[in-house]
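Participant: let me see the structure of the following:
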Amino acid sequence: MFRDPTFYLELRENIIPMLKTYPFIRIWHAGCSTGEEVYSLAIILKEEEIYNRCRIYATDMNEEVLKKCAEAIYSLGNMKEYTRNYLKAGGKRSFSDYYTAQYDRAHFSADLKKNIVFSHHNLAIDESFNEFNLILCRNVMIYFNKQLQERVHELIYDSLAIFGVLGLGDKESIKFTTCESYYEVLNPKEKLYRKVQ
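Facilitator: Numbers count the residues shown, from 1 in each chain. Just a heads-up that it's a prediction; the model follows:
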């Protein structure tokens, strides 16, 4: 959780203030895998007091990992590392407030799940299904060939509201895509972009 803490710190300090200007915020976490990043985001939104105005769509093509994501149960052995990351990401509480330890597992609070929709979606073949203010698609496209990356970039562009924000993984970029000129670079290091046309 909170992998690349500086990304989450940037979200907290510079992206969330923009999101706060909307009455209702739609977020798509594309390729959410087992959900650690989804809950990282939910925690930040909660601490910044806008979670109640948010709907997070957590999607993946793999039904098994999506089930794990919805369960929100993780290895207790990872909590030390996650706590360190959380603090580096500007965490405002005790990280252990968000989960209950049972044997060797950490069960995350049901409260974090209440505004999350878990759904099957295949980036390679499925279409856009809503308009979003924030889309996170981090460390997903590195596994795709150039043609599929281009398709996903177009899908994301079509799914973002004007002035919506896109967050990519640290080895990903919008450079050399057909959509590049439609974005403003908000933070080149953290791979955060805003759709401007």
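Participant: can you point me to the longest helix in this protein?
Facilitator: If you go by DSSP state H, the chain has its longest helix at helix 146-159.
Participant: how about that helix: buried residues?
Facilitator: In terms of neighbour count (16 or more other C-beta atoms under 10 Å), helix 146-159 has its buried residues at Gln149, Glu150, Val152, His153, Leu155, Ile156, Tyr157, Ser159. To be clear about C-beta, it is placed using only N, CA and C from the backbone, and glycine gets the same treatment.
Participant: now render the residues you listed as CSV, adding pLDDT and distance to Glu190.
Facilitator: Formatted as CSV, those follow (pLDDT from 0 to 100; distance: C-beta to C-beta, whole Å):
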residue, pLDDT, distance to Glu190
Gln149, 94, 19
Glu150, 95, 23
Val152, 96, 19
His153, 96, 18
Leu155, 97, 22
Ile156, 97, 17
Tyr157, 97, 19
Ser159, 98, 20
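Participant: which of those lies closest to Pro23?
Facilitator: Nearest to Pro23 out of those is Ser159 (C-beta to C-beta; 19.6 Å).
Participant: adding distance to Leu19, write the buried residues of helix 146-159 out as TSV.
Facilitator: Output for the buried residues of helix 146-159, formatted as TSV (distance: C-beta to C-beta, whole Å):
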residue	distance to Leu19
Gln149	26
Glu150	28
Val152	23
His153	22
Leu155	21
Ile156	17
Tyr157	19
Ser159	16
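Participant: name the helices or strands packed onto the helix or strand following the longest helix of the chain?
Facilitator: As assigned by DSSP states H and E, the chain's next helix or strand after helix 146-159 is strand 160-168. Secondary-structure packing of strand 160-168 (3 or more C-beta pairs under 8 Å, 6 or more residues apart in numbering; DSSP states H and E): helix 16-19, strand 132-137, strand 192-195.
Participant: now strand 160-168: average pLDDT?
Facilitator: On average, the pLDDT along strand 160-168 is 98.
Participant: same deal with stretch 81-88?
Facilitator: The model assigns stretch 81-88 a mean pLDDT of 98.
Participant: how far away is the residue nearest to Lys113 when sequence neighbours are not counted from Pro188?
Facilitator: Distances taken as C-beta to C-beta, 6 or more residues apart in numbering place Ala72 nearest to Lys113, at 6.2 Å, with adjacent residues excluded. According to C-beta to C-beta, to the nearest Å, Ala72 stands 33 Å off from Pro188.
Participant: out of those two, which sits in the busier spot?
Facilitator: Under the criterion of other C-beta atoms under 10 Å, the comparison of Ala72 against Pro188 puts Ala72 first, with 22 against 10.
Participant: got a list of what Arg53 touches?
Facilitator: Neighbouring residues of Arg53 by C-beta atoms under 8 Å, 6 or more residues apart in numbering: Tyr22, Pro23, Phe24, Ile25.
Participant: would CSV of these with distance to Tyr183 be doable?
Facilitator: Listed next are the contacts of Arg53 as CSV, based on distance: C-beta to C-beta, whole Å:
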residue, distance to Tyr183
Tyr22, 19
Pro23, 24
Phe24, 23
Ile25, 19
